[in-house]
Structures are given as C-alpha cells and as structure tokens.
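All I have is the shape, not the residue letters:
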C-alpha cells in the first residue's frame with residue numbers, strides 16, 4: 001500500500017477550509033443568537049417574578065422557541081456540512097483532473113523526446129555505417145563491384161514484362177541517350193561489357209548509352225531513361241530507410 005502525500009495534503013487543506021467556514025459562517029452567528037436569546041430569557045424571568053401567570057405563559061413561549069431554535073440549528077449544521085462536502089469533492093476532482101493532465105503532458109513530452117533521440121541515433125548510425133561502407137568498398141576492385149551490380153541489374157530487367165521494357169527504352173536516342181550512373185567510374189572494358197549486356201537485356205542492339213558518375217550513390221547503379229529511372233543503389237535504399245525512420 002502506497003501513501004499518497006498529494007491526497008493527504010489536499011484533505012488537510014479541505015479540512016482547514018471547512019473548520020474556517022464553520023467558525024466564520026455558522027458558530028459565530030449561532031452563538032450570537034443564543035446570547036441574544038439568553039438576554040431575552042433573563043428578562044422574561046425577571047418579569048415572571050412580578051407576575052406569576054404572565055411568567056408561566058412567557059416560560060412556555062420561551063420553551064417552544066428554544067425547541068424551534070434547536071431544530072433550525074440542526075438543519076443549519078446539516079446544510080453547512082453538505083455544502084462543505086460538495087465543495088471538498090469538487091476541489092478534489094479538479095485537483096485530480098489537473099494532476100492527470102500534467103502527467104499526460106509529461107508522458108507525451110517524454111515520448112516525443114525519446115522518439116527524437118532514437119531518430120537522431122538511427123541517423124547517426126546510418127551515417128557512420130555509410131562512411132564505413134565507403135571505406136570498405138574502396139578496397140574492392142571496381143570491376144568486381146561492377147560485375148555484382150550488373151548481375152543484379154540484369155535480374156531486375158529480366159523480371160520486367162516486354163511492354164515495360166519497351167516503355168523504358170521509348171524515346172532513347174543519340175540526343176537523349178540512356179544514362180548509366182554508377183558510384184565510381186567504370187573501367188573501359190567494364191563499360192563495354194555493361195553496354196553490350198544492357199542492349200541485350202533491353203532488346204536493342206543499337207541503344208544509345210552513356211556512362212556517368214555520382215559518388216552519392218555509394219554503391220550500385222541507376223538507369224536514367226527519358227521517361228523513367230531505375231534505382232538500384234545504396235543511396236535509394238538509405239533514403240527509403242530514412243523515410244521509414246522519420247515516419248510518425
């Protein structure tokens with residue numbers, strides 16, 4: 001069982017307010033009324049000494065009034081207690097709502113900060129991994145890297161329908177050739193191998209092809225057709241991963 005200091009403090013404050021309200025608005029007026037009534041009773045007893053009959057009548061009247069006062073006092077006490085309880089319950093409910101709102105806001109802020117920190121850590125990990133990958137790739141001969149990506153590119157093109165391949169090469173000409181973009185320059189023999197392989201895969205032995213370099217790809221290849229782009233690079237994969245990380 002856990003002791004809730006907030007509840008204890010709120011109940012203590014409520015009790016102090018209740019005592020003050022009773023003293024200020026109930027006990028003092030009632031005591032004043034009783035004192036005034038006592039003065040009247042004393043006067044009645046003095047008058048009763050002068051006239052027994054009149055004193056007995058006044059005594060009966062006083063007794064009746066005193067009974068009525070007791071009833072009023074009891075009713076006033078019950079009413080004041082009920083009002084004080086209602087006020088205390090309302091303040092307690094308001095305090096609980098405010099505390100719940102503060103807790104919810106704090107949890108929301110903590111969750112946001114945790115997510116931001118995780119996203120930042122993931123971005124830093126990706127950047128570090130990218131730098132390491134660049135260093136490792138530099139140790140692999142360019143022709144070996146090129147052969148691996150050429151095989152992957154061929155597999156991708158082979159998985160396309162004839163209509164899709166025709167749509168890709170549509171518009172390719174000497175003025176608008178197919179641009180083959182790699183992360184590092186291809187040696188001339190490797191470039192010739194790529195050109196022959198792509199022409200065979202795309203079904204056009206005279207397809208205009210030029211080669212370009214974009215170090216931001218890190219590794220892989222992109223085929224830039226006049227009306228479409230085929231992306232098979234680490235850069236495109238990293239961008240997809242960043243978008244997934246930053247998605248809410």
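Cool, got the structure. As the structure is a computational prediction, the values presented were derived from the model and not from experiment.

use CA for all of it now, contacts and neighbours both
Fine.

quick one, strands of the protein?
Assigned by DSSP state E, the chain shows strands spanning 178-182, 209-213, 220-224, 229-233.

who wins for proximity to residue 13 among these?
Checking these against residue 13 by Cα to Cα gives strand 229-233 as the closest, at 68.0 Å.

Run through who's touching that closest one.
153, 217, 218, 219, 220, 221, 222, 223, 224 (Cα atoms under 8 Å, 6 or more residues apart in numbering).

Most neighbours of all these, which one?
Greatest neighbour count in the contacts of strand 229-233, by other Cα atoms under 10 Å, goes to residue 221: 27 neighbours.

Just give the number of residues close to residue 100.
For residue 100, the number of neighbouring residues by other Cα under 10 Å comes to 12.

At the geometric centre of this protein, which residue sits there?
residue 108 (4.4 Å; Cα atoms, centre = their mean).

pLDDT score for it?
Note on residue 108: pLDDT of 76.

Pull up the gap between it and residue 100, please.
12 Å (Cα to Cα, to the nearest Å).

can you check residue 57 too?
65 Å.

before we move on, what about residue 7?
13 Å.

Now for the residue nearest to residue 181 when sequence neighbours are not counted: which residues touch it?
Using Cα to Cα, 6 or more residues apart in numbering and skipping the chain neighbours, the partner closest in space to residue 181 is residue 212 (4.6 Å). Neighbour list for residue 212: 179, 180, 181, 182, 185 [criterion: Cα under 8 Å, 6+ apart].

residues in contact with the first one?
Under the criterion of Cα under 8 Å, 6+ apart, the contact list for residue 179 reads 209, 210, 211, 212, 223, 224, 225.

Beta-bridge partners for it, please?
Beta-bridge pairing for residue 179 (DSSP bridges): residue 210, residue 224.
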